[in-house]
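**Q** turn this into a model:
(chains A, B, C and D)
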There are 2 protein chains.
Amino acid sequence: MNVLLRAELLKRVSVVSFKRGEVIIDANKVNTKSYYILEGLTRTYFLKAGKEVVEYFSSENEWANSPRSWRSGKPDIYSVDAIENTSALCIHVDDMIFLFNTFPELDKYGRLSMITLLDHLIERVASFRFTTASEKYIHFKQTYPLIHHRIPLGMVASYLGISQETLSRIRMK
Amino acid sequence: MNVLLRAELLKRVSVVSFKRGEVIIDANKVNTKSYYILEGLTRTYFLKAGKEVVEYFSSENEWANSPRSWRSGKPDIYSVDAIENTSALCIHVDDMIFLFNTFPELDKYGRLSMITLLDHLIERVASFRFTTASEKYIHFKQTYPLIHHRIPLGMVASYLGISQETLSRIRMK
DNA sequence: ATGATTTTTTGATCCAGGTCAAAGGAATTC
DNA sequence: GAATTCCTTTGACCTGGATCAAAAAATCAT
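**A** Next comes the predicted model:
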């Protein structure tokens, strides 16, 4: 990696930790930071008719953030909290923008992230559109072998769009 | 628009027409072309357990293509055919690539298309995840006021992920 | 037009998975 | 280690929408 880039990164990034259950991003506030998980596990969720709906999980080497909030400068619907004690790199959006502007080689990384996101969404559409509850669960375990057992059942159910009771019954074979 | 770009475009684009029902892109063949609809309506679909599943419709000023096929050089799952008599601009991927390489100002257009696609996918996830059959239909009519009545019921049902019978009953109030 | 084909509607039946309610289990807290 | 809180399982019941089948309506080709 470019030496200058590394130097700028170190200058702009800090390490933060959160205890299990702690709120990392609050949907009621403007969020201007992005978190790159070093260790631990987070869940991004929003409220729908008073219930928490899980949008996705982030674990080691993944991002947790609220991009629409930092782009718009307003609160967005998503909150993030820690499922486990979690440590992460924290970077302010302004620094992020500075880095992207200063180091065009980062564009490749940005484009790649976008494609990863696209693939993920395409798969989610297919999941909700075509698969049964137990297919969803089997696929989830295959896709996230390292984290699926670290997440409370109810959150997995919410992520998969099925009820906790149904998922419990499925898991009991 | 850049005069040079306009000239290059004209050189590389041709107008083609298709009769209702005619196949525009065949999932069994490698596809190297993109179509920009001038007039008419197409449907992009794939086969799932022997049944045609509609992925999306394209009408005036929208694209119909098979991007994974032209990127991979192999056939992809998607076929496209004409719901109405349709005329379109046709451009070969190689020319597309040439234009993007030659005119960097097109990148903005590319990025915008990507974001449009992202938004569309996000909405589709939400649709399949949270909405009832009749909400889907109401939303579809609102979103596509200009084309919803031009598409056979069964195709709309397939696009929305509900059965034709159910959609028929919904439409009868 | 008229017969053929495609599309839509209607009826009957069925089931995956939701909801509600309550009881068990596990994990934290003091 | 008892108490509180959270998480998971189990049971009973219900419903939206799928499927199958067939009639009715619309559209097309000759």
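**Q** from here on, contacts and neighbour counts on C-alpha atoms
**A** Noted.
**Q** near chain B, which residues of chain A show up?
**A** Taking CA under 8 Å from any CA of the partner chain as the measure of proximity, chain A contacts chain B at A:118, A:121, A:122, A:124, A:125, A:128, A:129, A:161.
**Q** list the contacts of residue A:160.
**A** A:133, A:136, A:137 (CA atoms under 8 Å, 6 or more residues apart in numbering or on different chains).
**Q** closest to DNA strand C out of the residues you listed?
**A** Nearest to DNA strand C among those is residue A:133, at 3.8 Å by CA to the nearest atom of the strand.
**Q** which positions within stretch A:93-106 qualify as buried?
**A** A:93, A:95, A:96, A:99 (16 or more other CA atoms under 10 Å in any protein chain shown).
**Q** what about the helix or strand where the second one lies, distance to the chain center?
**A** Right, the one you point to is residue A:95. Element membership of residue A:95, judged by DSSP states H and E, is helix A:93-102. Remark: helix A:93-102 is offset 21 Å from the chain centroid, using CA atoms, centre = their mean, to the nearest Å.
**Q** just to revisit the earlier point, closest one of the buried residues of stretch A:93-106 to DNA strand D?
**A** residue A:93 (31.0 Å).
**Q** how far away is residue A:34 from residue A:86?
**A** 14 Å (CA to CA, to the nearest Å).
**Q** settle it for me: which of the two has more neighbours?
**A** It is residue A:86, of residue A:34 and residue A:86, that has more neighbours when counted by other CA atoms under 10 Å in any protein chain shown, with 23 against 20.
**Q** hang on, the more buried one packs against residue A:43?
**A** No - Residue A:86 lies out of contact with residue A:43 (CA atoms under 8 Å); the separation is 11.2 Å.
**Q** which element follows the helix or strand bottoming out on mean pLDDT in chain A toward the C-terminus?
**A** The element with the least model confidence among the helices and strands of chain A, by mean pLDDT, DSSP states H and E, is helix A:67-72, at a mean of 90. Using DSSP H and E, the next helix or strand after helix A:67-72 towards the C-terminus is strand A:79-82.
**Q** kindly export that following strand (C-alpha atoms) in PDB.
**A** C-alpha atoms of strand A:79-82 as PDB (Å, rounded to 0.1, in the frame of the first residue of the first chain):
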ATOM      1  CA  SER A  79     -29.400   2.000  14.200                       C
ATOM      2  CA  VAL A  80     -26.400  -0.200  14.900                       C
ATOM      3  CA  ASP A  81     -25.600  -1.900  18.100                       C
ATOM      4  CA  ALA A  82     -23.100  -4.500  19.300                       C
END
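**Q** adjacent strands (with direction) for it?
**A** Strand pairing for strand A:79-82, using DSSP bridges, gives strand A:23-25 (antiparallel), strand A:41-48 (antiparallel).
**Q** now those strands as CSV including mean neighbour count?
**A** What follows is these, written out as CSV (neighbours: other CA atoms under 10 Å in any protein chain shown):
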stretch, mean neighbour count
strand A:23-25, 20
strand A:41-48, 20
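**Q** can you lay out those as CSV showing mean pLDDT and distance to DNA strand C?
**A** Below are those laid out as CSV (pLDDT from 0 to 100; distance: least, CA to the nearest atom of the strand, whole Å):
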stretch, mean pLDDT, distance to DNA strand C
strand A:23-25, 96, 15
strand A:41-48, 96, 11
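**Q** ok, residue A:153 touching residue A:168?
**A** Yes - because the distance of 7.5 Å satisfies CA under 8 Å, residue A:153 is recorded as touching residue A:168.
**Q** so which of those two has more stuff around it?
**A** residue A:153 (17 against 13).
**Q** returning to that earlier point: pick out whichever of the buried residues of stretch A:93-106 sits closest to residue B:173.
**A** Lowest distance from residue B:173 to the buried residues of stretch A:93-106 (CA to CA) belongs to residue A:93, with 49.1 Å.
**Q** from what I can see the closest one touches residue A:34, true?
**A** Yes - contact status for residue A:93 versus residue A:34: in contact at 6.8 Å, counting by CA under 8 Å.
**Q** so which of the strands paired with strand A:79-82 comes closest to DNA strand D?
**A** strand A:41-48 (12.2 Å).
**Q** to the chain's geometric centre, what's the distance from the closest one?
**A** On CA atoms, centre = their mean, the centre of strand A:41-48 falls 8 Å from the chain's centre.
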